[in-house]
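S.K.: Here you go, sequence then predicted model.
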Amino acid sequence: MRSAVIVFPGSNREMDMVAALEQASGKKPALVFHKDTELPEVDLIVLPGGFSHGDYLRAGAMAARSPVMAEVRRRAEKGVPVLGVCNGFQILTEAGLLPGALMRNASLRFVCKNVTLRCENAQTLFTGAMEAGQRMTVPCAHMDGNYFADADTMKRLEDSGGIAFRYVDGEGRTTEEANPNGSLDNVAGVFNETKTVLGLMPHPEDATDPLHGGTDGRALFHGLAEALA
Amino acid sequence: MTDTTKTPGITPEIVAEHGLKPEEYRKVLEIMGREPNLVELGIFSVMWSEHCSYKSSKVWLKKLPTQGPQVICGPGENAGVVDIGDGMAAIFKIESHNHPSFIEPYQGAATGVGGILRDVFTMGARPIMNLNALRFGSPDHPKTRHLVSGVVAGIGGYGNCVGIPTVAGEVNFHPAYNGNILVNAMTVGLAPADRIFYSAAAGAGNPVVYVGSKTGRDGIHGATMASAEFGEDSEEKRPTVQVGDPFTEKLLIEACLELMATDAIVAIQDMGAAGLTSSSFEMASKGGVGVELDLDRVPLREEGMTPYEIMLSESQERMLMVIKPGREELTRGIFEKWDLDFAVIGRLTETGKMVLRWHGEVAGELPIDPLALASPEYDRPWTPTTPPPPLDPASLPERDPLEALETLIGCPDLASRRWIWEQYDHLVMGNTVVRPGADAGVVRLPAECGGGKKGLAAKVDCTPRYCLADPVQGGRQAVAEACRNLYAVGARPLAVTNNLNFGNPEKPEIMGQLVGCLQGMGEACRALGAPVVSGNVSLYNETEGKAILPTPTIGAIGLVEDVARIPGAGLAEAGLALVLLGRTRGELGQSLYLREIEGREEGAPPPVDLEAERAAGELLLALIAKGRVSACHDLSDGGLLVAAAEMALAGTVGCALDVPGETPKTAWLFGEDQGRYLLAVRDADAILSAAEAAGVPAVRVGETGGDALKLSDGSAISVASLRRAHEGWLPAYMAAELAAE
Amino acid sequence: MKAKVHVTLKPGVLDPQGKAIHHALGALGFQGVEEVRQGKVIELELAETDRARAEAALDEMCRKLLANTVIENYAIELTD
Amino acid sequence: MKAKVHVTLKPGVLDPQGKAIHHALGALGFQGVEEVRQGKVIELELAETDRARAEAALDEMCRKLLANTVIENYAIELTD
Ligand SMILES: Nc1ncnc2c1ncn2[C@@H]1O[C@H](COP(=O)(O)OP(=O)(O)O)[C@@H](O)[C@H]1O
Ligand SMILES: [Mg+2]
């Protein structure tokens, strides 16, 4: 699996992502700067976490309009898989590549802690190494992760397997306490219609090492590496 | 402040407004050989402020131990530098932003983090962890909630955005900080040991370069304000508050590190307190050169700014550099790539003078060395604190220890800080191996440094109530406790940084606290082999004549040889033995138990036996290296019973403790004797014999298991109730935030 | 020419900030606050002197950057 | 009664948001934007029907919560 990680001004988890991708695929991802207008030939494009442009105005808003995003969009339309994590998810919604929007956390506070996710659709190239309903513990770290979409969009997502992950408690229930940010229906991640673009708020890349954040995040990267080998 | 570069006539009022004493002003006249203009007076005033000149503390700071084989650069530069092996160096420092945080908690704390980050990356390091030490007033003071909420959000807002994990810290509440909170921020960075950048300018003719953000009218006179006692009119003294821009800081880090990989830089210095003035002055004075600045070229944010404002502005996210001639375009290219301002604003000269040009005229001309060297230095009168007599534990009433424990574990000084550190990104960069909530934060070092096994541990600590009662013991204790937290995660202390937060040094008893604490700190640093390599002094922390508790915050760093061997912070397995390392006499003087349960702040604090500290720490390191310790926690506030409870709370099982008859029960369970650790181990006998061989007192005190904390008299409290008390207080307190204004 | 762009959340979109302010006002003892919504104002100074052209440019700025039309409405006001 | 509270940064206070928006507009090709400042509008619906009393209450809300008067100015507008 050849991959590219886009570096926006203010990205700060690009190296965490590089390490996880390299661990899973054995190949060093290419780092692409936001001012670049070309992308190398890759099997996967990743938008990493951080505070692109400080998240001033709206999280991800300015990055979504940066030069490199025109090319990301073109590739995505051709079917190249795109993964956005945290700020990357925010950028993808701002760019219109994913439905909905990520608003300020309901607590109005930044939140960094482990959350439990439940895989809602295991039939995609991102989730091939997971089972439907599988739970995993990964850290989250964000200020604007409160997912919102209008009722029609939510219904469409629900009906078409567009919801990728939900926040759940230790027993797998979508409770309010398990929801770190107020997201509608505990949504933690969503797909586009063709399931080739995935955005999620928590950080699977920070859960690929037993000494750092555990290893539950590996399934995502290993599944991708297998699907895109 | 109205201003023209034309001398309006310097009146005694103007001199006083600039915080200069009449005798200091006489020295100004002597050095200048004439009356200064306002720009020049402003420059003197900030350069000679307590904040920049350390005039009250300098003579005493000189006595601290600053040397050691590991020290690459001690105090005097932007940050301290120590060798951590494998060709790498750790660069670190702590800094206060107390007054600004009281005035505007969010921005004050945020810009404090920004400032300390710059001190560290200025020297060529990539920051790898942040810490913070916070002191607030009494929880029931009407301002406290608002300050906690703003300060924590500000620290998080800045550090999270820049992408540096905040891995540890400490928080106290005490009425002595009601009108004067403390916000001390620390950053640790990593650099190749042979590529450290210093601030001494060199090479007449070399260009002086300004990079970063534009200059606005932010925080003019911040440096003098930071050194002035708060009075009733502090609302009026409010200068334009500095607003932090962490996004620009992040770009500045990337751009500076990119430039540092080239050979362009001769010297570099961040613009901190007193901005362009102190950065240019310090660079020139350290290098023994002169400097000419063309103020028309300084990138400005606002129209109509005067030379006075340009020189004294404290706008954030700016750096000053001297680069090699011919490297201007290379440098410009890098800063423009990162969308930052770049301007050549002057050059070095051989005149030994600072000359400021503005609109074709000379706006100021000052001799550099005489000003820097003649900066005042006071050997202020001081009276030593007389330590109170020891407290007799037998004078205390008998109480149910588990009830007291439930109160203590949920009291403001011991309740869980989760509500705080969950607002800090403590995982970004992917290397945090010990998160907040343990004894010290630990970050794994990159593979080129020890093959991915090594880690760097850090913690900030101070127990101000001990320092107030007995500054010498308190100074020792702050260092000992910080280092103990390092030992507890298997790290050998390397060096420390310190933040001396005190009241008005013109009062002999306050000066006595400073002198005493420094003496104790120095002794402890020597004994533990952890020299002081950087620090910061914050004096005049008083409101209407009432001083804060003496608070010499220590930030210590240490090296972990193998991060896979770090013991757990919590009890994770039943059937292990609990072993207490260190001697227990039952010291209850100045203890948290005495204050929270008996409502008394009395007695002598626990004495610190530095030899015993070192022996226990070294023993612990050896045991951890051999993999003999499953879990470990040092004993501090609240003593043995609190430590056992904290280990149960951090883990998954409870424990049972024996209560021996010889020492009064309260003293045994809650005494704050120093130099102690509680260990959960598989083989207690092996530990006890190793301890005996090392001359460290050790005793088996119980075992792990169950879901409660039990005492040998049969009493018990469930871990669940302890958790409710421990985790409940801060969120509940803060949830009422807006209700209580 | 000076302009203000008002960006407000669409009706029906949950407003965490507004909700938090509403709650806080209640906690502070302010009674009779029935709803609170928070929006943004972006004030711009433009070199353009022609009102029609300025409005057209502002409209484009809003659609391209200043507002997220999935959740926000915007209104443009020329102030001189 | 409906009200709007406009909260703006005091002149001279750095506005990182405004600065970043300004920069982004330039990068998107919008020329002639000379300055950008970002502020907040808080829209409230009050039960109060007396204008003077509403204004007094709003002023107190601003000082206590809605504005940070160290770095922000506020203006109150009753909209019906
Ligand atoms: N302001 C803070 N920021 C981050 N972590 C904090 C802060 N305050 C306390 N902590 C963490 O909470 C835990 C308890 O702190 P403290 O009581 O100072 O520990 P100790 O008693 O070991 O010195 C530690 O892990 C500490 O790092
Ligand atoms: Mg400890």
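M.R.: Sure, I can see it. Residues are numbered from 1 along each chain as shown, chains lettered A, B, ... in the order given. Ligands and ions are numbered 1, 2, ... in the order given.
S.K.: Now do the strands in chain C.
M.R.: Using DSSP state E, the strands of chain C run over residues C:2-9, C:33-46, C:72-78.
S.K.: thought B:I196 was touching B:M123?
M.R.: Yes: counting by CB atoms under 8 Å, B:I196 touches B:M123, with 5.6 Å between them. C-beta: built from backbone N, CA, C; applies to glycine.
S.K.: so what's in contact with these two at the same time?
M.R.: By CB atoms under 8 Å, 6 or more residues apart in numbering or on different chains, B:I196 and B:M123 have these common neighbours: B:C73, B:V81, B:I91.
S.K.: Out of the residues you listed, which sit inside strands?
M.R.: B:C73, B:V81, B:I91.
S.K.: Just the buried ones from those, in ChimeraX syntax?
M.R.: To isolate the buried ones among those in ChimeraX, judged by 16 or more other CB atoms under 10 Å in any protein chain shown, type:
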select /B:73,81,91
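S.K.: need the ones in strands among the shared contacts of B:I196 and B:M123 in TSV with distance to ligand 1 and pLDDT, can you?
M.R.: Output for those, formatted as TSV (distance: CB to the nearest ligand atom, whole Å; pLDDT from 0 to 100):
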residue	distance to ligand 1	pLDDT
B:C73	27	97
B:V81	24	98
B:I91	21	98
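S.K.: with the ones in strands among the shared contacts of B:I196 and B:M123 in mind, which one is nearest to A:M136?
M.R.: B:I91 (37.0 Å; CB to CB).
S.K.: quick one, what contacts the closest one?
M.R.: Neighbours of B:I91 in contact, by CB under 8 Å, 6+ apart: B:A79, B:G80, B:V81, B:V120, B:M123, B:G124, B:A125, B:V188, B:G189, B:L190, B:A191, B:I196.
S.K.: which residues does the first one contact?
M.R.: Contacts were defined as CB under 8 Å, 6+ apart; by that measure B:A79 touches B:I91, B:F92, B:K93, B:D119, B:V120, B:T122, B:M123, B:A125, B:T187, B:G189, B:T497, B:S534.
S.K.: So which of those residues wins on neighbours?
M.R.: Ranked by neighbour count (other CB atoms under 10 Å in any protein chain shown), these have B:F92 at the top, with 34 neighbours.
S.K.: what's B:E77 sitting at in phi/psi?
M.R.: phi -100, psi -170 (degrees, to the nearest 10).
S.K.: Dig out what the closest residue to C:E55 other than its chain neighbours forms beta bridges with.
M.R.: Closest residue to C:E55 apart from its sequence neighbours, by CB to CB, 6 or more residues apart in numbering or on different chains: C:I76 at 6.1 Å. Bridge pairing for C:I76 (DSSP bridges) gives the partners C:V5.
S.K.: list the contacts for C:I76?
M.R.: Listed by CB under 8 Å, 6+ apart, the contact set of C:I76 reads C:A3, C:K4, C:V5, C:H6, C:E55, C:L58, C:D59, C:C62.
S.K.: one more time with 7 Å, if that's ok
M.R.: With contact set as CB atoms under 7 Å, 6 or more residues apart in numbering or on different chains, C:I76 has these partners: C:A3, C:V5, C:E55, C:L58, C:D59, C:C62.
S.K.: Kindly report the same for A:F126.
M.R.: Here A:F126 is in contact with A:L83, A:L198, A:L220, A:G223, A:L224 (CB under 7 Å, 6+ apart).
S.K.: Now, these that are in helices?
M.R.: The helices, defined by DSSP state H, take in A:L220, A:G223, A:L224 from those.
S.K.: quick one on the thing from earlier: with respect to ligand 1, which of the strands of chain C lies nearest?
M.R.: When those are compared by CB to the nearest ligand atom, strand C:33-46 sits nearest ligand 1, at 28.9 Å.
S.K.: Reformat the contacts of B:I91 as CSV; add secondary structure.
M.R.: As requested, the contacts of B:I91 are arranged in CSV below (DSSP: H, G, I helix; E, B strand; the rest coil):
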residue, secondary structure
B:A79, coil
B:G80, strand
B:V81, strand
B:V120, helix
B:M123, coil
B:G124, coil
B:A125, coil
B:V188, strand
B:G189, strand
B:L190, strand
B:A191, strand
B:I196, coil
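S.K.: which bits of chain A sit near chain C?
M.R.: Contacts of chain A with chain C, taken as CB under 7 Å from any CB of the partner chain, map to A:58, A:61, A:65, A:94, A:101, A:103-106, A:108, A:146, A:148, A:150, A:182.
S.K.: So in chain C, where's the weakest helix or strand by average pLDDT?
M.R.: Ranked by mean pLDDT, DSSP states H and E, the helix or strand of chain C with the weakest confidence is helix C:16-27, at a mean of 91.
S.K.: anything in that one sitting right up against chain D?
M.R.: Yes: Helix C:16-27 is in contact with chain D by CB under 7 Å from any CB, via C:I21, C:A24, C:L25.
S.K.: from memory B:M354 sits against B:D369, does it?
M.R.: No: between B:M354 and B:D369 there is no contact under CB atoms under 7 Å: 10.5 Å.
S.K.: Show me the two of the contacts of B:I91 that sit farthest apart.
M.R.: Checking the contacts of B:I91 with CB to CB, the most distant pair is B:V188 and B:I196, at 14.6 Å.
S.K.: Neighbour count: the two, which is higher?
M.R.: B:V188 (28 against 18).
S.K.: Quick check: chain neighbours aside, which residue is closest to that one?
M.R.: B:F92 is the one closest to B:V188 (CB to CB, 6+ apart), at 4.2 Å.
S.K.: For the one you found, which residues count as its bridge partners?
M.R.: B:G80, B:V188.
S.K.: Give me the outermost residue of chain C relative to its centroid.
M.R.: Computed with CA atoms, centre = their mean, the residue of chain C farthest from its C-alpha average is C:G29, at 27.4 Å.
S.K.: Tell me the confidence at that one?
M.R.: Looking at C:G29, its pLDDT stands at 90.
S.K.: pretty sure B:E365 contacts B:V355?
M.R.: Yes: with contacts counted by CB under 7 Å, B:E365 reaches B:V355, the gap being 5.1 Å.
S.K.: Around ligand 1, which positions in the stretch 51-200 of chain B sit nearby?
M.R.: Residues of the stretch 51-200 of chain B lying close to ligand 1 (CB under 6 Å from any ligand atom) are B:N132, B:L134, B:T166, B:A168, B:G169, B:E170, B:V171.
S.K.: And those residues, which is closest to A:I163?
M.R.: The closest of those to A:I163 turns out to be B:T166 (CB to CB; 32.3 Å).
S.K.: which residue sits closest to B:G212, ignoring its sequence neighbours?
M.R.: B:R318 (3.9 Å).
S.K.: cool, B:T584 as well?
M.R.: B:T584 sits nearest to B:D673 (CB to CB, 6+ apart), 5.2 Å away.
S.K.: Using the three-state scheme, assign that neighbour.
M.R.: coil.
S.K.: I'd say it and B:L581 touch.
M.R.: No: the pair B:D673 and B:L581 does not pass the contact test of CB under 7 Å, sitting 11.3 Å apart.
S.K.: Report the contact partners of whichever residue of the stretch 51-200 of chain B sits closest to chain A.
M.R.: Here the residue of the stretch 51-200 of chain B nearest chain A is B:G163; by CB to the nearest CB that distance is 2.5 Å. Taking CB under 7 Å, 6+ apart, we find B:G163 in contact with A:N12, A:G50, B:K250, B:V428, B:M429.
S.K.: Among these, which one sits closest to A:R118?
M.R.: For the contacts of B:G163, the nearest to A:R118 is B:V428 (24.8 Å; CB to CB).
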